[in-house]
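Trainee: Have a look at this fold, sequence not included:
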Ligand SMILES: [Zn+2]
């Protein structure tokens, strides 16, 4: 289980590092506007990563 968590964290970090192609300035510090699907995807990765780090 612990290894799965680490793998998921790496995956999420990659999503965050890549960011949104259309909005490279978006760094998922604040919630994304629902207008851009890719930004929302990056935001969700940030939220999930934060949750994983709490555990
Ligand atoms: Zn975007």
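Mentor: Looks like it arrived, so ask away. Computed from a prediction, not measured in an experiment: that's the story for all the values here. Residues are numbered from 1 along each chain as shown.
Trainee: Output the set of residues of this protein in proximity to the ion.
Mentor: 20, 22-23, 36, 38-39 (Cβ under 5 Å from the ion). For every residue, glycine as well, the C-beta is placed using N, CA and C.
Trainee: spatially speaking, which residue is in the middle of the protein?
Mentor: Centroid-nearest residue in the chain, with Cα atoms, centre = their mean: residue 45, separated by 2.4 Å.
Trainee: Spit out the contact partners of the nearest residue to that residue once chain neighbours are set aside.
Mentor: Spatial nearest neighbour of residue 45, excluding adjacent residues (Cβ to Cβ, 6 or more residues apart in numbering): residue 15 at 4.1 Å. Contacts here follow Cβ atoms under 8 Å, 6 or more residues apart in numbering; on that basis residue 15 touches 41-42, 45.
Trainee: same question, residue 40
Mentor: So, once contact is read as Cβ under 8 Å, 6+ apart, residue 40 ends up touching 32, 34.
Trainee: quick one on the thing from earlier: looking at the residues of the chain next to the ion, which is nearest residue 30?
Mentor: Among those, residue 39 lies closest to residue 30 (Cβ to Cβ), at 10.3 Å.
Trainee: three-state assignment of residue 48?
Mentor: Secondary structure assignment for residue 48 (DSSP: H, G, I helix; E, B strand; the rest coil): helix.
Trainee: what about the residue nearest to residue 9 when sequence neighbours are not counted, neighbour count?
Mentor: Counting by Cβ to Cβ, 6+ apart, residue 9 lies nearest to residue 52, which is 5.6 Å off, once chain neighbours are set aside. Residues near residue 52, counting by other Cβ atoms under 10 Å, number 13.
Trainee: Residue 49 now?
Mentor: 18.
Trainee: in terms of contact, does it touch residue 12 like I think?
Mentor: Yes. The criterion here is Cβ atoms under 8 Å, and residue 49 meets it with residue 12 at 4.4 Å.
Trainee: how about stretch 39-55: buried residues?
Mentor: 39-40, 42-43, 45-46, 49 (16 or more other Cβ atoms under 10 Å).
Trainee: In helices, which of these appear?
Mentor: 39-40, 42-43, 45-46, 49 (DSSP state H).
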